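Student: Just to be clear, the model below is a prediction. Sequence and coordinates:
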Amino acid sequence: MDSDSIEIEDLEECEDAEDTDWTTEVVEGRKNYIRNVNQRAVKTFLSRGRQHQVSLVLPPMYGEMLALALQRHIKGAGWQVTKAIGHSSHAPCYTTVSADYDKHEDVACKGYLMLTRDKERVVASIDVIRIDTFPANLVITGNRKKTVEEFAKGVNDLADSRKMYQGKKIELKGGISFVSPTGKSWDDLALSPELKEQIRTNTVDFLARREELAKYSILPRRGVMLAGEPGTGKTLVLKIIMSQSPGVTCILASAARLVSSQYIYDLYFVARDLRPSIVFLEDIDLIGEDRRKYKGQALPTLLAQLDGLAEVCTEVVTVATTNFIEDIDDALKKRPSRFDRIIELSLPDLEQRRRYVELLSRRIPMDEDVRECLARKAEGMTPAQIQEAAQSLVIEHKHSPLCAAQGCCAFGRDDVDRVVEIVKHD
């Protein structure tokens, strides 16, 4: 959750706001004043008498789920928000969370919600703004112990990570967001059957066979590293694995956050919690370089998580990609039980290029002669470059009467020669 979403109190309500020197001390003093006023408002709302409290505490990466669970319980159990105030500001903080595939909801993430239902009253104090390692926290306060406990239980039942995230495709950044599967299949991959089988056997099929493999004392954890120059299809492989893993939690790591050892710990905490799971580490080059060159703490943390030394990391498969396998630390690439398979995606041969051009022709109509010409001319090109050449055929095409007759662009060998030459020299 982004700390930039934290609201600052409405300074316009202060007398002579424009003339005020807003030093750090003044701002903090103002916050403390509002904090005290709001706490008195909470006490007044609950009236006198003994107060009961129940706290719900979750790991920080589950904060958005807790906020969403609170909102859904309020609506589902018939509670009404009478008043909402901040902890140290006039208004609570709100944020938008990922509630499901292509579904988002605005929820309160920090502040007090004063709630009523008939003659019952409770106050929900929530703070799920993620800062470092502070946990997500929700405190329910009320005069009736039974009401408070039932309210907390209702939220807790909804804030179940396995119910919400298990078996889904998600990305872990500051919080967790859902990633819609692309629908890609193994048929969309122009690799040799042997390479496809290697990838499938060590990822999707490995988890599907984990009970059978356990009979042979094979631990249900696996690491696969896909190596190859940019454009050889590594990202496409990840998309296919994600789409072809029903019932398996697929967790896409944030490349920008991989340099944080705390992030890596959180990543594998979620992977263990939502197992069986597959963790995708795209561009592991950022942290996986030889330790003689890279001195950060992220790599040692990753090694510990893969080895399961810190905690048992079972029913978890890790799939990483690298553009420069030669620069990866030996502790990663030459140590089974961390990355058990290094699968190199090389430049496609003629048969693979023919297969890939055929796949492209489903979207960009090309006759047999043009397809064969493109496949042969594309020697030494990556799949990404071949795709760019096919798209360039359309983008740079000059329409002719034949195009109108066919109802689509009509390409010739000269067109192929031109775009291939351009792409190869870009």
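Tutor: Thanks, I have the structure now.
Student: the strands in the stretch 51-200 of the chain, which residues?
Tutor: If DSSP state E, counting those that start in this stretch is used as the criterion, the strands of the stretch 51-200 of the chain fall at 52-58, 80-85, 93-100, 103-117, 120-127, 136-142, 169-172, 176-178.
Student: tell me the helices in the stretch 201-350 of the chain, going along the chain?
Tutor: Taking DSSP state H, counting those that start in this stretch, the helices of the stretch 201-350 of the chain run over residues 204-208, 210-214, 234-243, 261-273, 285-288, 298-307, 330-333, 350-360.
Student: Let me have these in JSON lines, adding mean pLDDT and distance to Ala389 as columns.
Tutor: For every residue, glycine as well, the C-beta is placed using N, CA and C. Converted to JSON lines, the helices of the stretch 201-350 of the chain look like this (pLDDT from 0 to 100; distance: least, CB to CB, whole Å):
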{"stretch": "helix 204-208", "mean pLDDT": "97", "distance to Ala389": "31"}
{"stretch": "helix 210-214", "mean pLDDT": "94", "distance to Ala389": "42"}
{"stretch": "helix 234-243", "mean pLDDT": "96", "distance to Ala389": "17"}
{"stretch": "helix 261-273", "mean pLDDT": "94", "distance to Ala389": "37"}
{"stretch": "helix 285-288", "mean pLDDT": "82", "distance to Ala389": "27"}
{"stretch": "helix 298-307", "mean pLDDT": "87", "distance to Ala389": "37"}
{"stretch": "helix 330-333", "mean pLDDT": "87", "distance to Ala389": "33"}
{"stretch": "helix 350-360", "mean pLDDT": "94", "distance to Ala389": "9"}
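Student: need those in JSON lines with distance to Lys43 and mean neighbour count, can you?
Tutor: Output for the helices of the stretch 201-350 of the chain, formatted as JSON lines (distance: least, CB to CB, whole Å; neighbours: other CB atoms under 10 Å):
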{"stretch": "helix 204-208", "distance to Lys43": "53", "mean neighbour count": "18"}
{"stretch": "helix 210-214", "distance to Lys43": "54", "mean neighbour count": "13"}
{"stretch": "helix 234-243", "distance to Lys43": "50", "mean neighbour count": "21"}
{"stretch": "helix 261-273", "distance to Lys43": "36", "mean neighbour count": "20"}
{"stretch": "helix 285-288", "distance to Lys43": "49", "mean neighbour count": "22"}
{"stretch": "helix 298-307", "distance to Lys43": "44", "mean neighbour count": "20"}
{"stretch": "helix 330-333", "distance to Lys43": "56", "mean neighbour count": "18"}
{"stretch": "helix 350-360", "distance to Lys43": "67", "mean neighbour count": "18"}
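Student: of those, which approaches Lys153 most closely?
Tutor: Nearest of these to Lys153, taken as CB to CB: helix 261-273 at 20.6 Å.
Student: Out of the helices of the stretch 201-350 of the chain, which is closest to Pro59?
Tutor: Distances from Pro59 to each of the helices of the stretch 201-350 of the chain were compared by CB to CB, and the smallest falls on helix 261-273, at 6.6 Å.
Student: Off-centre distance for the closest one?
Tutor: Mean C-alpha position of helix 261-273 versus that of the full chain (CA atoms, centre = their mean, to the nearest Å) differs by 12 Å.
Student: ok, how many other residues are close to Asp369?
Tutor: Here the neighbour count serves as a burial measure; for Asp369 (other CB atoms under 10 Å) it reads 12.
Student: Once you drop chain neighbours, what's closest to it?
Tutor: With CB to CB, 6 or more residues apart in numbering as the criterion, Asp369 has its nearest non-adjacent residue at 7.3 Å, and that residue is Arg413.
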